[in-house]
Every structure is written in structure tokens, then in C-alpha cells.
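> model this:
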Amino acid sequence: MKALRFILPLAMVFGFTLTSTAQTSKMGLVDYQALLAEMPESISAQEKLQSRSDEMQNELDMIEKQYMVKAQEYQDMMNSGTLTTGASQAAQAELASLEEKYSKADLRAQESLMGYQETLMTPIINKLDEAINSVSKANGYTHVTDINQFIVYPESDDITGKVKAHLGIQ
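Numbering: from 1, shown residues only. Purely as a prediction, here's the structure:
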């Protein structure tokens, strides 16, 4: 009986503590990718990235054309029977050099585009994160996560519209 007098109040304190903690938590959901895609800065960044990608692809296309021309010349010379051993080795070396040049240019282009994308998108992502934090604090949300993580959720927890308004997106 004495133990019950001690345990019962302790259990009640734990029960009230857990209940009050659960009541103070408020979860918000946001469609992060949709917001990011609708931000004017993001749209501009994607256009810049596409432009840079097109430029790099043009450079790769030029190297590929050089390779195709040399490969065709080599094939024509082999078919005509006028190709000497030394000329054959030189042509093969030239083709291998163009292949290596293409591979290196392709790798540089990919790395450059990734770095450029990070440079363009980092400040935009930071702005979006700040907007989400601001909206969540202003509306009492203690937790905010991406809406795409959930299959079922109450629409009242979706703060995407509030974040859009905060960012000035229509």
C-alpha cells in the first residue's frame, strides 16, 4: 500500500508531462521541391545551368565530330589498301587521343556543371530554408518535414501556401 502511494503520484506526473509535451508539439508539412521549382531565382538558375550545359555539349560535339571524321578517314584508307603500318599506327594513336580528349572533356563538363549548380542553388536553398523557418516559428510549428514523406496527412498541416506567401510566390 505504501508503494502504491509513492508510485501513483509518480505515474500521474509522468502522464501529465507526456500529455503536455505532446500538446506543445505541432507538425507542419511543406512541398519543398514544388516551392524550390516555383521560386523565380530557381527558374533563373535552371536557365543559366541549361545554357552552360548546352555550351559544354557543343564542345563535346565538336570533339566527337573530329573523331568521326578521323575514324572515317582511317576506314577509307584501310578499305583502299593504301595504309602503311606506320600510317595505321599513327591513325590509331590519333583516334585514341581523340577518345581520351573526349572522355576528359566530358568528365570536366560534368564536374563543372555540378559545381556551377551548387554555386547557383545554395543561396536559393538557404533562402527557402529561412522562409520555412520563419513561417514555422510565426505559426508555432515545432517540426516541419517534406510533405512527400507522407501518404496520409491532415491538410491543415500543409504550410506550403504560407511559405509561398512569405516568399512572394503567386
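> Start from the N-terminal end of this structure and give the helices.
Counting by DSSP state H, the segments of the chain that form helices are 2-24, 32-38, 40-80, 85-138, 160-167.
> Could you export these as CSV, including distance to Pro154?
For every residue, glycine as well, the C-beta is placed using N, CA and C. What follows is the helices of the chain, written out as CSV (distance: least, CB to CB, whole Å):
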stretch, distance to Pro154
helix 2-24, 16
helix 32-38, 19
helix 40-80, 28
helix 85-138, 16
helix 160-167, 14
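> Identify whichever of those helices lies nearest to Ile147.
Closest approach to Ile147 among those (CB to CB): helix 160-167, 6.9 Å.
> what does the closest one contact?
Contacting residues not belonging to helix 160-167 are listed as 29-31, 34-35, 38-39, 127-128, 131-132, 134-135, 139, 147, 170 [CB atoms under 8 Å, 6 or more residues apart in numbering].
> Any chance of CSV for the helices of the chain, columns mean pLDDT?
Formatted as CSV, these follow (pLDDT from 0 to 100):
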stretch, mean pLDDT
helix 2-24, 52
helix 32-38, 95
helix 40-80, 93
helix 85-138, 94
helix 160-167, 94
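> Check these for me and report the most buried one.
Per residue and on average, the most neighbours among the helices of the chain fall to helix 160-167, with a mean of 18 (mean count of other CB atoms under 10 Å).
> the inter-axis angle of that helix versus helix 40-80?
Helix 160-167 and helix 40-80 are oriented at 100 degrees to each other (axes from the mean of the first three to the mean of the last three CA atoms, to 10 degrees).
> Check the offset of helix 160-167 from the chain's centre.
In terms of CA atoms, centre = their mean, to the nearest Å, the centre of helix 160-167 is set 21 Å apart from its chain centre.
> Ok, stretch 111-122 next?
If you compare the mean C-alpha spot of stretch 111-122 with that of the full chain, they lie 10 Å apart, counting by CA atoms, centre = their mean.
> Stretch 47-62 now?
Relative to its parent chain, stretch 47-62 has a centroid offset of 19 Å by CA atoms, centre = their mean.
> Met27 reaches Asn139, doesn't it?
No - the pair formed by Met27 and Asn139 falls short of the contact definition of CB atoms under 8 Å, at 11.3 Å.
> quick one, which of these two is more surrounded?
In this comparison of Met27 against Asn139, neighbours counted by other CB atoms under 10 Å, the higher total goes to Met27 at 15 against 12.
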